[in-house]
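Enquirer: requesting a structural model of the entry that follows:
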Amino acid sequence: MVVDHGLQAGSADVTAAMVDTLRRLGLEAGSVRVNVVAGQDGLEAAARDARYAALADGDADLVLVGHTMDDQAETVLLGLARGSGTRSLAGMPSCWQVGRVVFMRPLLGLRRAVTRQACADWGLTPWDDPMNDDDHYARVRARRLLPVVEQALGPGVVEALARTAALARVDADYLDASAAARLVEEGDDGAGGRPLPVDKVARSPEALQGRIVRAWLARQKITELSFERTQAVLALVTEWHGQASVDLPGGRRVIRKDGALHLA
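Expert: Residues are numbered from 1 along each chain as shown. Below is the predicted model:
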């Protein structure tokens, strides 16, 4: 399945050429046009969400995504720049699932140059998306920065950043699982809008407190909280001075009442 995002002039022609190439290789191929509307997370995120949604709605049970080690290094570098914590440093997962469809990134252990050379050896012409040269996007700037960093610090920076992602993912997965386990103790999992007892968060290790708060909110469909917003909610537990509620995306807010956090 080739996804046409419709973001550039001539995208339909590019899509048709890709479908033709795949069919000449003996593969079944089709295309789908998606409607991309930039949201608060930007055009790149909207295009990614639309692409994965279209692939998840297709006939395949397994989708292989072509991200390489260079893409992983760029993701970690962006996470470092944002100060987003362990989960962000964990980079892109090698495998995840959307409904019945399993997505995998089998090329995360290969450099981008290797994949381009493979295309050349097989007589294939890869498509270079013009958006990959647009400095408006942070990932493009990170991509151009990596060679400069390697020149300054020596070779192996990309491999080191990818290794950081692998190590950080193990830690992040363990901490998130521990936070989820704390959340479901005594049935206080936040499901159905149940409040979160303050003492449950306060008794937890500091490394888990923010994760418990985020997991509680995620069960009520509130995700992608900034660090500052998460800390403000956590302050209702750890630095309670009778402060007012904390506003959240979507017009909702968290208040502290009767020894618990409530979502209003």
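Enquirer: and the gap between the residue positioned nearest the centre of the chain and residue 158?
Expert: Centroid-nearest residue in the chain: residue 92, 6.5 Å away (criterion: Cα atoms, centre = their mean). Residue 92 is 14 Å from residue 158, where distance means Cβ to Cβ, to the nearest Å. Just so you know, the C-beta spots here come from the backbone N, C-alpha and C atoms, and that holds for glycine as well.
Enquirer: residue ranges of the strands in the stretch 151-264 of the chain, please?
Expert: Using DSSP state E, counting those that start in this stretch, the strands assigned to the stretch 151-264 of the chain run over residues 196-197, 246-248, 252-257, 260-263.
Enquirer: most neighbours per residue, which of those?
Expert: The highest mean neighbour count among the strands of the stretch 151-264 of the chain, using mean count of other Cβ atoms under 10 Å, belongs to strand 196-197: a mean of 21.
Enquirer: partners of it, with directions?
Expert: Each strand paired with strand 196-197, and its direction, by DSSP bridges: strand 260-263 (antiparallel).
Enquirer: quick one: list the elements packing against the longest helix that the chain contains.
Expert: For the chain, the longest helix by residue count, based on DSSP state H, is helix 157-184. Packing partners of helix 157-184 (3 or more Cβ pairs under 8 Å, 6 or more residues apart in numbering; DSSP states H and E): helix 69-82, helix 86-89, helix 138-153, helix 206-218.
Enquirer: with mean pLDDT, distance to residue 253 and mean neighbour count as added columns, please give those in a markdown table.
Expert: Listed next are the helices and strands packed on helix 157-184 as a markdown table, based on pLDDT from 0 to 100; distance: least, Cβ to Cβ, whole Å; neighbours: other Cβ atoms under 10 Å:
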| stretch | mean pLDDT | distance to residue 253 | mean neighbour count |
| --- | --- | --- | --- |
| helix 69-82 | 93 | 25 | 21 |
| helix 86-89 | 90 | 24 | 19 |
| helix 138-153 | 92 | 30 | 14 |
| helix 206-218 | 92 | 11 | 20 |
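Enquirer: export those helices to TSV and tack on distance to residue 168?
Expert: Formatted as TSV, the helices and strands packed on helix 157-184 follow (distance: least, Cβ to Cβ, whole Å):
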stretch	distance to residue 168
helix 69-82	8
helix 86-89	4
helix 138-153	17
helix 206-218	13
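Enquirer: relative to residue 236, which of the ones you listed is closest?
Expert: helix 206-218 (9.0 Å; Cβ to Cβ).
Enquirer: my read: residue 70 touches residue 158, true?
Expert: Yes - Residue 70 lies in contact with residue 158 (Cβ atoms under 8 Å); the separation is 5.9 Å.
Enquirer: find the residue ranges of this structure scoring beneath the pLDDT cut-off.
Expert: Scanning the chain with the threshold set as pLDDT under 70 gives 186-193.
Enquirer: how is it carved up into domains?
Expert: Domain assignment for the chain by automatic domain parsing gives 1-60, 65-170, 188-263.
Enquirer: tabulate those (CSV), appending distance to residue 181.
Expert: Below are those laid out as CSV (distance: least, Cβ to Cβ, whole Å):
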stretch, distance to residue 181
domain 1-60, 29
domain 65-170, 17
domain 188-263, 9
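Enquirer: mind listing the shared neighbours of residue 70 and residue 158?
Expert: 111, 146 (Cβ atoms under 8 Å, 6 or more residues apart in numbering).
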